[in-house]
Structure formats: C-alpha cells, structure tokens
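Q: Structure for the following, please:
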Amino acid sequence: INIIDTPGHVDFTVEVERSLRVLDGAVGVFCAKGGVEPQSENVWRQADTYNVPRMAFINKMDILGADFYNAVDQIKTRLGKNAICLQLPIGKEDEFKGIIDLFEMQAYIYNDEKGDDISVTDIPEEMQDEAELYHTELVEKICELDDDLMMEYLEGEEPSIDAMKAVLRRATCECTAVPVCCGTAYRNKGVQKLLDAIIEFMPAPTDIPAIEGVDEDGNEVKFEFLDLVELDNEEYVVLLPVAEEGEEEEGEVVILKLEDTDEDSDEESYVGVDDEEILNKFISSKEIEGCSVRTCLLYTSDAADDTP
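A: Purely as a prediction, here's the structure:
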C-alpha cells in the first residue's frame with residue numbers, strides 16, 4: 001500500500017487536487033470533536049469530482065468533547081453520504097479503551113498507551129444492546145446494496161460475513177457507501193483495524209477503470225496504469241493500452257513524463273518520451289520486460305474536468 005498524506009489546510013488545495021488525480025482510494029480523517037469541518041468538506045467535494053472511493057476514520061476519540069455519533073451524523077447530513085459504521089468506540093475521552101467490531105461482534109481492548117497490547121474479548125455488558133442495534137443496522141444497510149443479499153435477509157437469514165464484506169467492498173469502490181472506523185492515531189488505538197479495513201474495502205489497482213484519452217489523430221484510446229518508474233532521478237508513468245473487446249492485445253506500453261508547468265496553473269501536461277537512450281533503458285527494464293516500447297503522443301488534462 002502506497003500512502004499519500006495530503007495537507008488539510010486551505011493553502012494546499014492545489015496539492016490535494018493533484019493527489020486526488022492519482023489515488024485509488026482515500027481515507028477521510030475527521031476529528032471526533034470537530035466532526036466535518038469546512039476544509040474537510042471542501043476536500044471531500046474535490047474527491048467527489050474524481051470519483052475517488054472513500055472510507056472515514058473518526059480520529060481523536062481520546063480528547064475532551066469527542067463524540068463519535070455526532071461525527072457520523074455530520075458525514076451523513078453535511079456530506080450526504082451513505083456512512084456505514086463498522087465499529088463502535090468503547091468509552092470516550094480519557095475513558096476510551098477500545099472498539100467493537102460490528103462484523104465479528106467482538107471487543108478489541110487496548111491495555112497500554114501505545115496500542116501494542118490488544119485483548120479480543122466479549123462485548124462489555126453495558127454495550128450489548130447498543131452493539132446489537134448497530135450490528136442490525138450494518139446488516140440492513142449492506143443488504144440494501146445487493147438484491148441477492150436483500151432476498152436472503154427478507155427470508156429470515158443473515159448473510160455470511162464474507163458475503164457482506166464482498167458487497168460492501170463493491171459499493172465502496174463504486175462510491176455508493178462509506179465505511180466508518182474510529183480510534184485515536186496518537187495512541188495507536190484503532191489504527192490496526194483501520195488498516196485491515198483498507199485492505200478489505202478499498203479498491204485494488206485492478207479495480208480502477210481504464211484511463212481515457214485522445215491521441216493526436218483524434219482517436220479515443222484507453223490505458224491502464226502499469227508502473228511508476230524512476231530513471232536518472234526522473235519519474236515516468238508507464239501505461240498499458242487496453243484492448244477493446246474482440247481486439248488482440250498488442251503488448252505495447254506508453255511512457256509519459258510530467259511536463260514542467262506554471263505552478264499556478266490548474267492543468268497538468270504529460271509528454272511522450274522520444275529520447276532513444278531513455279527508451280533503450282526502458283526496453284531493458286525488468287518492470288516492463290516482454291513489452292515492446294513506443295513513443296507516445298501528448299496528453300493534456302484539465303484539473304476541473306475528468307476528461308483527459
């Protein structure tokens with residue numbers, strides 16, 4: 001997993017915009033006390049522009065005024081998203097000591113201040129009813145995303161955990177659901193389960209649709225991301241053309257390099273590599289071994305529009 005940590009301050013809006021263009025998925029980190037703050041809302045809308053699959057992490061459950069349920073409500077009301085809670089916090093502020101996994105219906109108790117010593121136990125008795133209520137809500141919300149699961153649920157059977165996770169993953173990749181986790185990153189509590197959720201619900205590179213563009217002759221072309229290769233302290237994007245149905249895969253790759261642009265510009269230009277020495281290095285590169293290499297035409301994209 002490659003992680004890109006983007007600044008939340010309004011001064012870095014352009015940097016966030018550029019990051020969103022290359023992300024397979026994103027985790028929105030919200031303060032348990034502040035909830036959905038204005039700049040968080042702006043960045044979320046930017047992610048909407050590029051259809052980036054997202055999860056939410058309610059952070060700082062250990063600070064004064066932390067309110068997990070209010071933060072989740074704000075995701076639903078202010079962002080208008082189908083927030084689906086995967087976990088419940090056990091305690092809050094100074095008494096925050098763990099989380100409840102609503103799939104497993106188990107409690108994860110953190111016994112130290114660094115999140116190293118974790119006990120998996122039964123749900124505390126005082127939270128049993130609340131956990132059952134949110135577990136039922138979790139099951140119902142996931143079943144609403146899939147007709148087959150809904151039929152199974154209406155027949156009185158609860159779908160298996162694996163089946164529900166598969167449907168939730170698909171919905172997350174399609175941006176129709178936002179899984180919600182919680183914890184405190186500072187004390188390393190809840191982070192482990194967040195990483196597990198990222199692996200389970202965030203899209204793999206193979207789930208990302210092809211990149212569409214137009215060549216110099218006006219023909220529509222599609223590419224899939226193959227690799228990011230560094231040669232001589234320069235980074236190059238390697239794309240593999242996607243064959244249309246019925247066509248044979250030619251196995252050619254396209255090599256692009258980010259062209260120097262004005263820092264204040266909202267446009268990014270990628271130029272094809274036509275330097276023979278660089279191309280020869282790519283031909284012998286292990287990353288694209290077995291593929292023939294050709295130069296590529298100029299592709300320009302506007303940050304305000306998702307059409308290359």
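Q: Quick one: neighbours of the residue lying closest to K33 once chain neighbours are set aside, just the number.
A: In space, K33 comes closest to G65 once its chain neighbours are excluded; the distance is 4.2 Å by Cβ to Cβ, 6 or more residues apart in numbering. Using the backbone N, CA and C atoms, a C-beta is placed for each residue, glycine as well. By other Cβ atoms under 10 Å, 12 other residues sit near G65.
Q: so G65 sits in a strand?
A: No. Secondary structure of G65 (DSSP: H, G, I helix; E, B strand; the rest coil): coil, not part of a strand.
Q: could you pull out the helices for the stretch 1-150 of the chain?
A: Secondary structure of the stretch 1-150 of the chain (DSSP state H, counting those that start in this stretch): helices at 13-20, 38-49, 68-77, 128-143, 147-154.
Q: closest to V27 out of the ones you listed?
A: helix 38-49 (10.7 Å; Cβ to Cβ).
Q: what's the closest one packed up against?
A: helix 13-20, strand 26-31 (3 or more Cβ pairs under 8 Å, 6 or more residues apart in numbering; DSSP states H and E).
Q: Highest mean neighbour count out of those?
A: strand 26-31 (a mean of 19; mean count of other Cβ atoms under 10 Å).
Q: so what does it touch, helix or strand wise?
A: Under the contact rule (3+ Cβ pairs under 8 Å, 6+ apart), strand 26-31 is packed against helix 38-49, strand 54-59, helix 68-77.
Q: Now mean pLDDT and distance to S19 too, for those, in TSV please.
A: Below are those laid out as TSV (pLDDT from 0 to 100; distance: least, Cβ to Cβ, whole Å):
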stretch	mean pLDDT	distance to S19
helix 38-49	88	9
strand 54-59	95	13
helix 68-77	94	21
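Q: among those, which is the most enclosed?
A: strand 54-59 (a mean of 24).
Q: Would you mind getting the angle between it and helix 68-77?
A: 150 degrees (axes from the mean of the first three to the mean of the last three Cα atoms, to 10 degrees).
Q: Could you list the paired strands of strand 54-59 along with their orientation?
A: In the sheet, strand 54-59 lines up against strand 26-31 (parallel), strand 178-182 (parallel) (DSSP bridges).
Q: Nearest approach to P53 belongs to which of the ones you listed?
A: Evaluated over the strands paired with strand 54-59, closeness to P53 peaks at strand 26-31, with 7.3 Å, by Cβ to Cβ.
Q: what distance separates that closest one from the centre of its chain?
A: Remark: strand 26-31 is offset 10 Å from the chain centroid, using Cα atoms, centre = their mean, to the nearest Å.
Q: just stretch 145-153 next, same as before
A: What separates the centre of stretch 145-153 from the centre of its chain is 25 Å, taken as Cα atoms, centre = their mean.
Q: Return the set of buried residues in it.
A: L145, D146, L149, M150, E152, Y153 (16 or more other Cβ atoms under 10 Å).
Q: Now tabulate those in TSV and tack on distance to H135 and pLDDT.
A: TSV is the format used below for these (distance: Cβ to Cβ, whole Å; pLDDT from 0 to 100):
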residue	distance to H135	pLDDT
L145	16	94
D146	18	94
L149	15	94
M150	17	94
E152	16	92
Y153	13	92
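Q: now those in JSON lines, with distance to G183?
A: As requested, the buried residues of stretch 145-153 are arranged in JSON lines below (distance: Cβ to Cβ, whole Å):
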{"residue": "L145", "distance to G183": "25"}
{"residue": "D146", "distance to G183": "28"}
{"residue": "L149", "distance to G183": "28"}
{"residue": "M150", "distance to G183": "31"}
{"residue": "E152", "distance to G183": "32"}
{"residue": "Y153", "distance to G183": "29"}
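Q: which pair in these spans the largest distance?
A: Distance extremes for those: the farthest pair is L145 and E152 at 12.9 Å, using Cβ to Cβ.
Q: so where is this structure shaky, pLDDT-wise?
A: 8, 211, 215-216, 224-233, 235, 243-254, 257-308 (pLDDT under 70).
Q: switch the cut-off to 50
A: 246, 248, 251, 286-308 (pLDDT under 50).
Q: nearest to N2, of the helices of the stretch 1-150 of the chain?
A: So among these, helix 13-20 is nearest, using Cβ to Cβ, at 11.4 Å.
Q: Now do the closest one: which elements does it pack against?
A: helix 38-49.
Q: what angle do the helix it packs on and helix 68-77 make?
A: Going by the same axes, to 10 degrees, helix 38-49 is angled at 50 degrees with respect to helix 68-77.
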